[in-house]
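# Build me a model from this:
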Amino acid sequence: MSDLEELEHKIQNLPVEELSKFRAWFIEFDHLLWDKQIEADSKAGKLRGLVSEALADYQAGKPRQSPAVSSPHETGHSDGVR
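Okay, here's the model as predicted:
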């Protein structure tokens, strides 16, 4: 049994109260990882083009609605797209 399979088995067998505590911890953990990834992408300049494009559109009076993108923990999808 792999580490992941063992972990899945243990989680599936947690009492309801402990599962609730685990879920809250994991959501917070996932949020922290997401924040670190956004910060790293920003420092690496990966968001620069998006920001520049959005500012140019705004300054030209052409604001547009953002696509429905959120963090993976909100969508259940690894890419964060709804």
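# can you give me how far the helix or strand containing Gly49 is from the chain middle?
Element membership for Gly49 (DSSP states H and E) is helix 48-59. On the basis of Cα atoms, centre = their mean, to the nearest Å, helix 48-59 is displaced by 22 Å from the centre of the chain it belongs to.
# change the start of the numbering to 56 and stick with it
Will do, 56 is the new start, and the previous item becomes helix 103-114.
# So which residues of this protein form helices?
Counting by DSSP state H, the chain has helices at residues 58-67, 71-98, 103-114, 127-130.
# among these, which is the most enclosed?
Mean neighbour count (mean count of other Cβ atoms under 10 Å) peaks for helix 127-130 among the helices of the chain, with a mean of 15. Bear in mind the C-beta positions are built from the backbone N, C-alpha and C, glycine included.
# ok so, going back, now the helices of the chain in a markdown table, please, with extra columns for distance to Gln120 and mean pLDDT.
Listed next are the helices of the chain as a markdown table, based on distance: least, Cβ to Cβ, whole Å; pLDDT from 0 to 100:
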| stretch | distance to Gln120 | mean pLDDT |
| --- | --- | --- |
| helix 58-67 | 38 | 97 |
| helix 71-98 | 20 | 96 |
| helix 103-114 | 11 | 89 |
| helix 127-130 | 18 | 56 |
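# All good on my end, thank you.
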